[in-house]
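K.L.:
need a 3D model of the sequence below.
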Amino acid sequence: MLVALAMFLLSIWPVAVAGRLAYEGGLYSERTGPGIRQPVTATLVQDTPDTEFIGEARAAAQWDTPVGRLVTDQVAAPAEAKAGTPMIVWLDGAGERTKPPADRAETLAGGITVGFLVMAGAAVVLIIGLQGFRRLLDRSRYAAWETSWVHACDRWRRAGPGG
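P.N.:
So this is what the prediction gives:
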């Protein structure tokens, strides 16, 4: 058990490395993203519907692409937003909508998740190893017990009744 505990504690180093690499990859993705990505300001051309739910609704908005084409499409907007409200829309290099870059909380959560998964994987490997080692010791112990019983039976037989 002490060896398993020591191995588990030694797995903290790979966990830290994996988490840091995932976090740094997320930071790089925040800065560059998948290809060229830029924000443009879209203007709502209609009011968002009144909803009983707090959050976002969808409404039509217009924006100009970097090549000067006017686009009208549905965007997520706050509930009860009025026409003329500016919204941010992210476009790729071809002027098509794309998702915005990840924010810092998503990047941090990604790094923590990767670290947790590596730690869980190390724990599973150690548990499986401990179970295998335990079975190996049990087999050895059972074999020794069987041998002891055979020798005891031989001694009892030789000693005879009452003896």
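
K.L.:
ok, which stretches of the chain are helices?
P.N.:
Applying DSSP state H to the chain gives helices spanning 2-10, 12-32, 104-159.

K.L.:
any idea which of the ones you listed is most buried?
P.N.:
By mean neighbour count, with neighbours taken as mean count of other CB atoms under 10 Å, helix 12-32 ranks first of these at a mean of 15. Glycine gets a C-beta too; all of them are placed from N, C-alpha and C.

K.L.:
give me the pLDDT value at the nearest residue to residue 81 once chain neighbours are set aside.
P.N.:
Closest residue to residue 81 apart from its sequence neighbours, by CB to CB, 6 or more residues apart in numbering: residue 48 at 4.6 Å. pLDDT, residue 48: 83.

K.L.:
ditto for the one 5 residues further on
P.N.:
Reading off the confidence values, residue 53 has pLDDT 63.

K.L.:
export stretch 57-73 as PDB, just CAs?
P.N.:
Included here for stretch 57-73 are C-alpha records, laid out as PDB according to Å, rounded to 0.1, in the frame of the first residue of the first chain:
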ATOM      1  CA  ALA A  57     -33.500  35.000 -27.200                       C
ATOM      2  CA  ARG A  58     -33.000  35.100 -30.900                       C
ATOM      3  CA  ALA A  59     -33.500  38.000 -33.200                       C
ATOM      4  CA  ALA A  60     -32.600  39.200 -36.700                       C
ATOM      5  CA  ALA A  61     -29.500  41.300 -37.000                       C
ATOM      6  CA  GLN A  62     -27.400  42.900 -39.800                       C
ATOM      7  CA  TRP A  63     -23.700  43.400 -40.200                       C
ATOM      8  CA  ASP A  64     -21.100  44.100 -42.900                       C
ATOM      9  CA  THR A  65     -18.500  41.500 -43.700                       C
ATOM     10  CA  PRO A  66     -14.900  42.500 -44.100                       C
ATOM     11  CA  VAL A  67     -15.400  42.400 -47.900                       C
ATOM     12  CA  GLY A  68     -18.400  44.800 -47.700                       C
ATOM     13  CA  ARG A  69     -21.300  42.300 -48.000                       C
ATOM     14  CA  LEU A  70     -24.400  43.100 -45.900                       C
ATOM     15  CA  VAL A  71     -25.600  40.000 -44.000                       C
ATOM     16  CA  THR A  72     -28.900  39.500 -42.200                       C
ATOM     17  CA  ASP A  73     -29.200  36.500 -39.800                       C
END
